[in-house]
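> Give the three-dimensional model of this entry:
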Amino acid sequence: MKRLFLYVLALGLFAPLFTSCIIDLGPNGALGDYDEETTSFTLSDFDRLNMGSAFIINVTQGSTFSITARGDDDDLDDLEVYTRSGTLYARYRNNRLRRHQTRFTITMPTLREVVFMGASKSDVSGFRGLNTLDIDLSGASKGNFSVQADRLNVNLSGASKAQFSGNGNSLRADVSGASELESFNYSFANAVLDVSGASHVYVTATNSLDVTASGASKVRYRGNPTLQQRVTGASKVERD
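Presented below is the predicted three-dimensional model:
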């Protein structure tokens, strides 16, 4: 009986502490209250993007410039969005873990370079007749690209993933750190690949394919290109 009394007494004393530790979860299990707002940025004259902080990014080609961000009001207040030397930058001033997802919608006439980092998720579409497009994804970022560029330069690292559809003349890709490039639906005449760190590449090439693969990486290809390969370790280059 004495033990039961002490147990009930302990519950009474510590119950307020337990209730005070209840965490308010917003949408998608995010921490804290979620008060959605949308804000616009009147910036123009950029053809490059540099963005991070786990943003969700939608980019389309259009005749004018347009930038909107939708998310929690506190997060939007903390955004730093600006242009410098033809590049649009977007990031948070303070890196705190309490972030809800912030969604960017961007329209721009042309695109020359994309740098997305920090577990960002992106969709880039509608761009046609590009001369050269440089794409850099890092930090477990994911991107879908439906574009048409004569030359495509791709750098993937840190378990990032990129998927391509369209067509162009040449691909040069550096894929490392368990990353993945999926471009069966993007036809290239020529492709040069440097693949390492257990990464995977899926490519279509019609004229030539040059592959350097190491660290248990894997390359699968479609088409009938002239193949040059330098493979070490448990890496493989195989026709699909």
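
> residues in contact with the residue nearest to residue 63 when sequence neighbours are not counted?
In space, and not counting its chain neighbours, residue 63 is closest to residue 109: 6.2 Å by C-beta to C-beta, 6 or more residues apart in numbering. Heads up, the C-betas are built off the backbone N, CA and C, glycines and all. Shown in contact with residue 109 (C-beta atoms under 8 Å, 6 or more residues apart in numbering): 47, 61-65.

> Return the backbone torsion pair for residue 74.
For residue 74, the backbone dihedrals (degrees, to the nearest 10) come out as phi -70, psi -40.

> So, low pLDDT: which residues of the chain?
By pLDDT under 70, the low-scoring segments of the chain are 1-32, 97-99.

> how's it carved up into domains?
37-47+65-109, 111-240 (automatic domain parsing).

> Neighbours of residue 68, how many?
The tally of other residues near residue 68 (other C-beta atoms under 10 Å) stands at 14.

> partner strands of the one helix or strand it maps to, parallel or antiparallel?
Residue 68 belongs to strand 66-72 when assigned by DSSP states H and E. As defined by DSSP bridges, the strand partners of strand 66-72 come to strand 36-40 (antiparallel), strand 103-108 (antiparallel).

> Now do the same contact list for residue 118.
52-55, 138-139, 141.

> Same check on residue 178?
Contacts of residue 178 by C-beta under 8 Å, 6+ apart are 159, 197-199.

> ok, it to residue 53 distance?
22 Å (C-beta to C-beta, to the nearest Å).

> just residue 62 next, same as before
24 Å.

> These two: which has the busier surroundings?
The residue with more neighbours, out of residue 62 and residue 53, is residue 53; 18 against 12, by other C-beta under 10 Å.
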